[in-house]
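Visitor: Give the three-dimensional model of this entry:
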Amino acid sequence: MSILVQKKDLYEAMQKAIPVVPNKSSLLILSNFKINYADSIMEISATDADHSLRVVAAASGDGQLDITVNARKVFDLVKELPEGEIKLSADGLVLIIETKVGFYKIAGADSGDFPGIPAIADGVELEIGSFALRDMIQKSSFAAAKDESRSSLCGILWELSSDKAGMVATDGHRLGYSFIGMDLPLKDSIAKIISQKSVQTLMKITDSKSQDEKLKVMIGDKYVSFSTPLFTMVSKLVEGQYPEYNKVIPKNNPKVIVADRIAMLDAVRRVSVFANQKNRLIKMVFNQGTVEISAVNKEYGSESREVVEIQYSGEEHTVGFNGQFLPEILGIVGTKNIRMEMNTSVSACLIFPEYNDEKDKISDDLFLQMPLRIMDEI
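Guide: Residues are numbered from 1 along each chain as shown. As a prediction, this is how the structure comes out:
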């Protein structure tokens, strides 16, 4: 029995699956890939118990192959192999890899001990384009909390109804919100919290260039699955109640600024180089027609200051921002211009993409950045 597979196909499948493998686990079997070949289909599977991924790779051969081996060891080997054909076979619980340049053996384990992919019973089934899904993830997931003590805020809220779908994430200091209109076969609205690892994996395994790729989605009480002919991913949903994010979005924002996004982004990045490394504080002073962006670091005796032209006709307004967080938002907004809406120096700043033509608008996006207290040294 031998299986033939091209290095490129095997490596791409393993590259998609490897992020799911946990760095540390009390269960040794979770450090493995399950490699299965039957009926002319090769599958590479990985799991950390909460996230399971099965990726299909093109292969040919006679017989069957069903074995689990250390994922990082076999991945590192395949990565270094030359392009061309790879022959896989097994001798009991040992995986044998043969190429034109070498012969390798990796001790494996019984595949019967490898956890199966959870089944979702009585779930809601729908289809969504990967382009739309990736767009929602990109515009929201950056704001998810990193503090694991707040488990619900560590996830991304996914809301779906019959006419739209969207994702929201916040860590209490910033917020990303993106909704896209679409027809979905839903009678009731759905709100589920998806883990950061789930959305990060989806960004890696979906096609970033195709606007035609469709994903079949199954949403259950405890799990959600995403699948195409080339992969199936099942993830455990995050338990808990997501905060009422609409309450933190201010409704009264009389100070409205329109600015060139790239000019603002580049200026903030340059000025932030000189910001205090502890709080990344930059000061922005908005006046009619301009904004002055500055930062001071007394510890190193450094200072920076730039002026950017803007569209603003209100009274002078001074506000402090985290110079690391603000560029992240400006980098995600896809339009040439942005719109900033503010009220006071301590209230949240809202950032929107600014469209010259509403026909160009494909999603309803909102970004929120909480200000920082401006210290006397600036």
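
Visitor: I'd assumed Asp183 was in a helix, is it?
Guide: No - according to DSSP: H, G, I helix; E, B strand; the rest coil, Asp183 belongs to no helix; its state is coil.

Visitor: so what's it scoring on pLDDT?
Guide: For Asp183, the model assigns a pLDDT of 94.

Visitor: Please apply the same query to Asp376.
Guide: Per the predicted model, pLDDT is 55 at Asp376.

Visitor: and if you look at Asn276?
Guide: As summarised for this prediction, Asn276 has a pLDDT of 88.

Visitor: Who are the contact partners of it?
Guide: Going by Cβ atoms under 8 Å, 6 or more residues apart in numbering, Asn276 touches Ala295, Val296, Asn297, Glu299. The C-beta positions use only the backbone N, C-alpha and C, and glycine is treated the same way.

Visitor: Pull out the buried members of the residues you listed.
Guide: Listed as buried from these are Ala295, Val296, Asn297; burial here means 16 or more other Cβ atoms under 10 Å.

Visitor: My read is that the second one contacts Ile282, right?
Guide: No - with contact taken as Cβ atoms under 8 Å, Val296 and Ile282 are classed as non-touching, separated by 9.5 Å.

Visitor: quick one: contacts for Lys164?
Guide: Lys164 is in contact with Phe179, Ile180, Gly181, Met182, Leu184, counting by Cβ under 8 Å, 6+ apart.

Visitor: Next, work out how far apart it and Met182 are.
Guide: For Lys164, the distance to Met182 equals 6 Å [Cβ to Cβ, to the nearest Å].

Visitor: Could you do Glu213 as well?
Guide: Using Cβ to Cβ, we find Glu213 at a distance of 15 Å from Met182.

Visitor: what do you get for Val55?
Guide: Counting by Cβ to Cβ - Val55 and Met182 are separated by 27 Å.

Visitor: With Pro371 instead?
Guide: Relative to Met182, Pro371 is positioned 34 Å away (Cβ to Cβ).

Visitor: Which one's more surrounded, those two?
Guide: Comparing Pro371 with Met182 by other Cβ atoms under 10 Å, the one with more neighbours is Pro371, at 20 against 17.

Visitor: Walk me through the domains of the protein.
Guide: 3-113, 124-245, 249-369 (automatic domain parsing).

Visitor: Just give me the neighbour total for the spatially closest residue to Asn279 that is not a sequence neighbour.
Guide: Ranked by Cβ to Cβ, 6 or more residues apart in numbering and with sequence neighbours excluded, the top spatial neighbour of Asn279 is Leu372, at 6.3 Å. The burial count assigned to Leu372 is 20, neighbours taken as other Cβ under 10 Å.

Visitor: What's opposite Leu372 in the beta bridge?
Guide: Beta-bridge partners recorded for Leu372 (DSSP bridges): Gly320.

Visitor: so how far is Gln138 from it?
Guide: Leu372 sits 25 Å away from Gln138, going by Cβ to Cβ.

Visitor: cool, Glu303 as well?
Guide: From Glu303 across to Gln138, the span is 34 Å (Cβ to Cβ).

Visitor: go on, Ala165?
Guide: 14 Å.

Visitor: likewise Asp171?
Guide: 16 Å.

Visitor: Tell me the buried residues in stretch 169-189?
Guide: Buried-residue list, stretch 169-189, by 16+ other Cβ under 10 Å: Ala169, Thr170, Asp171, Arg174, Leu175, Gly176, Tyr177, Ser178, Phe179, Ile180, Met182, Leu184.

Visitor: What of stretch 75-87?
Guide: By 16+ other Cβ under 10 Å, the buried positions in stretch 75-87 come out as Phe75, Leu77, Val78, Leu81, Ile86.

Visitor: Helices - which of those residues land there?
Guide: Judged by DSSP state H, the subset of the buried residues of stretch 75-87 located in helices is Phe75, Leu77, Val78.

Visitor: Now do the second one, the pLDDT please.
Guide: So that's Leu77. If you check Leu77, the pLDDT there is 97.

Visitor: Excluding sequence neighbours, find me the nearest residue to it.
Guide: Leaving out its chain neighbours, the residue that sits closest to Leu77 by Cβ to Cβ, 6+ apart is Tyr104, at 6.1 Å.

Visitor: quick one, what contacts the one you found?
Guide: By Cβ under 8 Å, 6+ apart, the contact list for Tyr104 reads Leu77, Ile96, Ile97, Glu98.

Visitor: quick one: secondary structure of it?
Guide: Here Tyr104 is recorded as strand under three-state DSSP.

Visitor: who does Ala259 bridge with?
Guide: Where Ala259 sits in a bridge, its partners, by DSSP bridges, are Ile310, Ile338.

Visitor: so who does it touch?
Guide: Val291, Val308, Glu309, Ile310, Gln311, Asn337, Ile338, Met340.

Visitor: Name the helix or strand for the second one, please.
Guide: Meaning Val308. Assigned by DSSP states H and E, Val308 belongs to strand 302-311.

Visitor: List the buried residues of that strand.
Guide: Using 16+ other Cβ under 10 Å as the test for burial, strand 302-311 gives Ser304, Glu306, Val308, Ile310.

Visitor: Now pLDDT too, for those residues, in a markdown table please.
Guide: Listed next are these as a markdown table, based on pLDDT from 0 to 100:
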| residue | pLDDT |
| --- | --- |
| Ser304 | 96 |
| Glu306 | 97 |
| Val308 | 98 |
| Ile310 | 97 |
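
Visitor: Tell me where the stretch 251-378 of the chain has strands.
Guide: Per DSSP state E, counting those that start in this stretch, the stretch 251-378 of the chain carries strands over the ranges 255-260, 281-287, 290-297, 302-311, 317-322, 337-342, 349-354, 364-369.
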